[in-house]
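[1] Prediction below, plus the sequence it came from.
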Amino acid sequence: MKHNIKVIIPAYNEEDSIALVIAEIPEMVSEVIVVNNNSTDATSEVAKAAGATVLSEPNRGYGNACLKGMNYIAALSEKPDIVVFLDGDYSDYPEELIKIVTPIIEDDCDFVIGARVSALREKGSMTFPQRFGNWLATSLMKLFFGATFTDLGPFRAIKYNKLLALNMEDKTYGWTVEMQLKALRRKYSYMEVPVHYRNRIGVSKVSGTVKGAIFAGIKILTWIFKYSLKK
C-alpha cells in the first residue's frame, strides 16, 4: 500500500541550504511544503526552483510556520496519511526520512522522533544550551509522565489524523515539546529512531543567540509545567 506523505519545512533565511534539503528528500514523499517565514533572502525563490510548494508566513516563529503548512494541507481535497517535519538548514539528513516513517507504515506507530544521539552527531552540531535543554526537558517529561523521550528533535513524523487531534497552538519555540506532551496526554504510541546530525548551514536562529536560547528554554519549561499541573 502506498502512503501519502507530505513534508513541512519551516524556513527563515535558508537560501544556501534549502535546495540541498529538498534534493535529498526521498521520492516516496508526495509533496514538499516550504513555509517561508518572512525571510529577507532568496529562500522562497530557491525552494520553488528546487520543486517545493512554497507558502508565505510573515509572522515570525517556528510554530507559526508549521501551522501555516498544516492549514495548507487541511484545505487539500486529498489528505496525507503521514506528515513529516524537517528543518531547512541541512543539519538533518533528509534521506533518513525513510527510517522515521517506517515504524508508522510497518508497525502502525502514531508518532516518531528522529533522536540526535551523540554517537551520530557531528562535533559542534549541537550547542551546550541545546544539549542541556534536551536533557532537562526529557528528564522532566520522564519524571512527570513516565516518558521515554531523549530528544526534542525537529525531524519527526506523525499520522495526519493524530496530528490534527493534538490541536497544536504554539507559535514559536515550544512547538516540538508541545507535540510530545500532547501525544503523551493522548497516549499515542511513539518511539525514537536514532538519526545523524551535522553542523547546520548558516547561523541558528535559536541556539545561535543568547536571547533565542533563553526564550526557547522558557517556552519549553512553561509547556512542561503547564501539562504537569493538568495531571
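    Arrived safely.
[2] This protein: helices as residue ranges?
    Taking DSSP state H as the criterion, the chain contains helices spanning 18-23, 43-49, 62-74, 97-107, 128-145, 160-165, 175-185, 210-228.
[3] Out of those, which gets nearest to Gly153?
    Across the helices of the chain, Gly153 has its closest neighbour in helix 175-185 (7.5 Å, Cβ to Cβ). For every residue, glycine as well, the C-beta is placed using N, CA and C.
[4] and that closest one, average pLDDT?
    In this model, helix 175-185 has a mean pLDDT of 94.
[5] So what touches it?
    For helix 175-185, contacts defined as Cβ atoms under 8 Å, 6 or more residues apart in numbering pick out 62-63, 66, 110-111, 113, 137, 141, 145, 147, 149, 152-154, 156, 158, 162, 166-170, 190, 219-220, 223-224, 227, 230.
[6] on that earlier part again, distance to Asp87 and mean neighbour count for the helices of the chain - can I get that in JSON lines?
    Written out in JSON lines, the entries for the helices of the chain read as follows (distance: least, Cβ to Cβ, whole Å; neighbours: other Cβ atoms under 10 Å):
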{"stretch": "helix 18-23", "distance to Asp87": "8", "mean neighbour count": "21"}
{"stretch": "helix 43-49", "distance to Asp87": "13", "mean neighbour count": "20"}
{"stretch": "helix 62-74", "distance to Asp87": "9", "mean neighbour count": "20"}
{"stretch": "helix 97-107", "distance to Asp87": "12", "mean neighbour count": "18"}
{"stretch": "helix 128-145", "distance to Asp87": "13", "mean neighbour count": "16"}
{"stretch": "helix 160-165", "distance to Asp87": "18", "mean neighbour count": "17"}
{"stretch": "helix 175-185", "distance to Asp87": "11", "mean neighbour count": "23"}
{"stretch": "helix 210-228", "distance to Asp87": "14", "mean neighbour count": "16"}
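[7] These into a markdown table, with extra columns for distance to Val32?
    Below are these laid out as a markdown table (distance: least, Cβ to Cβ, whole Å):
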| stretch | distance to Val32 |
| --- | --- |
| helix 18-23 | 6 |
| helix 43-49 | 8 |
| helix 62-74 | 10 |
| helix 97-107 | 10 |
| helix 128-145 | 25 |
| helix 160-165 | 16 |
| helix 175-185 | 19 |
| helix 210-228 | 26 |
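[8] Nearest to Gly88, out of those helices?
    Evaluated over the helices of the chain, closeness to Gly88 peaks at helix 18-23, with 4.9 Å, by Cβ to Cβ.
[9] got the contact list for the closest one?
    9, 11, 14, 32, 34, 43, 46-47, 49-52, 86-90, 92, 94, 201.
[10] Among the residues you listed, which lie within strands?
    Within these, membership in strands is found for 9, 11, 32, 34, as judged by DSSP state E.
[11] Enumerate every residue touching the second one.
    If I follow you right, that is Ala11. When contacts are taken as Cβ under 8 Å, 6+ apart, Ala11 is in contact with 18, 34-37, 39, 43, 47, 65, 88.
[12] mind checking which of the helices of the chain is nearest Tyr197?
    helix 128-145 (10.2 Å).
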